[in-house]
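>>> Got a predicted structure plus its sequence, pasted below:
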Amino acid sequence: MSTETVAARPVVDAARLKAWLPKYGVYAAIVLLVVYNIFFTPYFATWSNLRIQLIQVAPIVIVALGMALVIGTEGIDLSVGSVMALAAAFIPLYLGYGVVAAIIVALLAGVAVGFINGILVARVGLQPIVATLALFVGGRGLAVVISEGKLVDIRNADFLYLGSGDLLGIPVLVWIAAAMVLIVGFVVRRTVFGRRLLAIGGNRPAAELAGLPVKRVLITVYIVCAVLASIAGLLSVARIQSSDASSVGLLIELSAITAVVVGGTPLTGGKVRVLGTVAGALLMQLVIATMIKHNLQPSTTEMVQAVIILIAVYVARERKTR
Amino acid sequence: MALLEVVDVSKIFPGVRALDSVSFTLQPGEVHALVGENGAGKSTLIKVLTGVYKPDGGELKYQDQPAQFGTPMDAQRAGISTIYQEVNLVPLMSVAQNLFLGREPRNAFGLIDRGRMDREAREVLAGYGVTTDVRRQLGTLALGAQQMVALARAVMIDAKVVIMDEPTSSLEPREVQTLFGVIRDLHAKGIGIVYVSHRLDELYEICDAVTILRDGKLVHTGKLADLERIKLVSLMLGRDMAEVRREGATAFSGSATGDEEAAPVLRVRELNSRHKLHDVSFDVRPGEVVGLGGLLGAGRSETVKAIGGAYHLDSGQIEVDGKELKKPTPVRAVKAGVAVQPEDRKAEGIVPGLSVRENIALAVLPRVSRGGFVSDAKIDEIVDKYMKRLRIKASSPDQAVGDLSGGNQQKVLLARLLATDPKVLLLDEPTRGIDVGAKAEVQSLIDELAAEGLGVVLVSSDAEELVEGSDRVVVLRDGVVVGTLTGAEVTAEDLMSTIATEAPREH
């Protein structure tokens, strides 16, 4: 009897670990990294360092939330960086009409891009990667044209407050990102839209046959993703205190996809892990910060990131073939 | 001397015996029909013959020598070619390139000799009635012509055996005749042909021998000319009486529930869809179960899907409860009170990753929410009601549907449909792939629902289930309604003889 249990134990544990890893592995990795840093990295566990890390990760989190929704429908959105650039390009042009007007215009740019993406995917039937590639390329080009290729300094204090102000001792930027996390989490769990999104990602033919407005939901998802990207874009401008369409949000689509994947959201759709996505973004940020503090080359950092992505994808695959 | 022979082969998949000691012999120059309903084991047998699957037992002999094909490539090299329903060539390459793929003629420099390739391709294809520019992309050709190219390619690589899996399903009548011409040529050359089709007229026109499979077992093999149509159909569909006695018949009560006087809740008029449906019309009254009978490919699933707005119609009229369903889409059909249970539960029914409750509530989300926010209390009310009523066995409503048994998955799907308060319920193979107990439960549920006044359309390949479950049976063949069985005619014998009647000659 006792020998049996001893023999059976490790098998059960391996199976449990496999089920556990894709769900909680990212949190475990964060804990490990934080513990390591507390002991081995000077000046890591300081308030100012935490601030910097959170401010840097906030735009990535916001973009990754939208990306997670799109990936939940078995799609992908490569155009998020270009949307950030478009938002950045419109801000200096409309700040003269007031902060609110500028923000509204930036958000509308996001709505427009998301609508085009959604139409291409849902109505025309293009593959998401191709459909959003068009605006990935064209969107930034348009942004550079709008801004006439110039870097514009922003001096509007109200607008800059979004990027560098504090509220109750915490950066406004971080408050906004946290609010977005709560809203998206709520949308996924509690709204008709969120449930439909998951059903479409989980089995599109079934969702269609069940009479779900599949096209409308898909178009909405791409709009939501682009609007989140434009929020990230305008916040980035507010933080850097200048608008440069050719550099804002460059390569952010990769960081966002990485955060989503590392956070345990499968690329095959049907599932969205909101907190996991946040954790994924935090983990990648922590990795980069740790490397920098230990004076490692950026190239080394990139390779470490690659390994983390591979592990995340491998772990997710294990779970699928279970 | 047999050309290709399998003796007592078995193939076991987890939980299913897909082939149960089946033997099959193909003679040179023979056109051998391989028939059976879905799940009978035809595709598994073909895959064993072509090296896709390794049999779990039994023997494979090729030209009287024991053979073992490790991969489809081995089988192809040995001379066994397969032409699948969907043409498996490269649509973006030219016709000639496809024909010579992997065996392109070379010139003195070892480069592909395109001139020679195109010239030879033209000559070869002319023999198959395909006269087109061979430099065109294959994908731009009509499906029939593509199939001819596939066939020409198969024969060119020195095939001794050609396996055709429903080759005529997408062909025009004229193209079918060309295909038959080619088959007769092959036959004369001594090539053995395995011909899979559900069109009886075609089988009797072109085939010499027949092998019938059912539930993975061999039920008959022999000369086709010696086998009456009615016998062929009953062998494919019917269960013999001894088996029925052993397993018990279905759980249907057998009492007619339809009200003869009532206005139809579903009126279908002259549905047409290219190649698939031709002027399909029928009525369903409240409380009535109307069966759709016919062989695979007769247009039953297409009819059901078309009414549910999920299959393209060229013309036709659908009325639900007296109101016309114009330009049907799934969204409009669900709104009008049509609920469709698709044939393929996994691919088109359940969302495996979502929980039982999410799956049940899927189609009624707007009704259980306010201002776009869902109310868990309202969902639980519905989920609770249907989980009890349909006796869905799950560890909790939050269990993922993908982890349930087939029968419970089917019940979850039915719960989703019923939650929409439909007026018409269209069930396509509701008891396929579920265990005996769940089968009986689903069958008595259908009876109950009809008794409550729902109009039910039932599609089933199980003849017993169809006749016992239905008050009336509309029989389809090749997309045409060929008869309606009512009252005392609703028997397995009448169903089979209606299916087996010869189609009027069109040419």
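Received the coordinates, thanks.
>>> can we go C-alpha only for contacts and neighbour counts from here?
OK.
>>> Can you tell me how far B:Arg229 is from chain A?
37 Å (C-alpha to the nearest C-alpha, to the nearest Å).
>>> quick one: low-confidence ranges for the chain?
This is for chain A. Residues of chain A that meet the criterion pLDDT under 70 lie in A:1-15, A:317-322.
>>> you looked at the wrong chain, it should be chain B
Where chain B drops to pLDDT under 70, the residues are B:15, B:38-39, B:85-87, B:170, B:238-251, B:253-261, B:436, B:502-507.
>>> Residues of it that sit close to chain A?
B:308, B:310, B:330-334, B:340, B:347-354, B:358, B:362-363, B:365-366, B:369, B:372-375, B:417 (C-alpha under 8 Å from any C-alpha of the partner chain).
>>> Now, of those residues, which are buried?
Among those, those classed as buried by 16 or more other C-alpha atoms under 10 Å in any protein chain shown are B:308, B:310, B:330-334, B:340, B:348-354, B:358, B:362-363, B:365-366, B:369, B:372-375, B:417.
>>> In helices, which of the residues you listed appear?
Residues of those located in helices (DSSP state H): B:Pro330, B:Val331, B:Arg332, B:Ala333, B:Val334, B:Glu358, B:Leu417.
>>> Please report phi then psi for the spatially most central residue of chain B.
Most central in chain B under C-alpha atoms, centre = their mean is B:Leu296, positioned 4.9 Å from the mean C-alpha point. Dihedral angles of B:Leu296 (phi, psi; degrees, to the nearest 10) stand at phi -60, psi 140.
>>> same deal with B:Val22?
B:Val22 adopts backbone torsions of phi -100, psi 140, taken as degrees, to the nearest 10.
>>> same question, A:Val35
The phi and psi values for A:Val35, taken as degrees, to the nearest 10, are phi -60, psi -40.
>>> about what we covered before: nearest to A:Ala64, of the ones in helices among the buried ones among the residues of chain B next to chain A?
B:Glu358 (25.2 Å; C-alpha to C-alpha).
>>> how close does that closest one get to B:Asp421?
17 Å (C-alpha to C-alpha, to the nearest Å).
>>> same deal with A:Ile103?
In terms of C-alpha to C-alpha, A:Ile103 sits 46 Å off from B:Asp421.
>>> Between the two, which has more neighbouring residues?
A:Ile103 (22 against 16; other C-alpha atoms under 10 Å in any protein chain shown).
>>> okay but that one is in contact with A:Ile91, surely?
Yes. The pair A:Ile103 / A:Ile91 is scored as a contact, 6.9 Å apart, by C-alpha atoms under 8 Å.
>>> what do the two both touch?
Shared contacts of A:Ile103 and A:Ile91, defined by C-alpha atoms under 8 Å, 6 or more residues apart in numbering or on different chains, comprise A:Leu234.
>>> give me the residue from the stretch 151-300 of chain B nearest chain A.
Going by C-alpha to the nearest C-alpha, chain A is nearest to B:Arg300 of the stretch 151-300 of chain B, at 16.9 Å.
>>> Nearest residue to that residue in space, please, no chain neighbours.
Of all residues not flanking B:Arg300 in the chain, B:Leu292 sits nearest, at 6.2 Å (C-alpha to C-alpha, 6 or more residues apart in numbering or on different chains).
>>> Verify the stated contact: the one you found with B:Ala463.
No. Contact criterion C-alpha under 8 Å: B:Leu292 and B:Ala463 do not qualify, at 10.5 Å.
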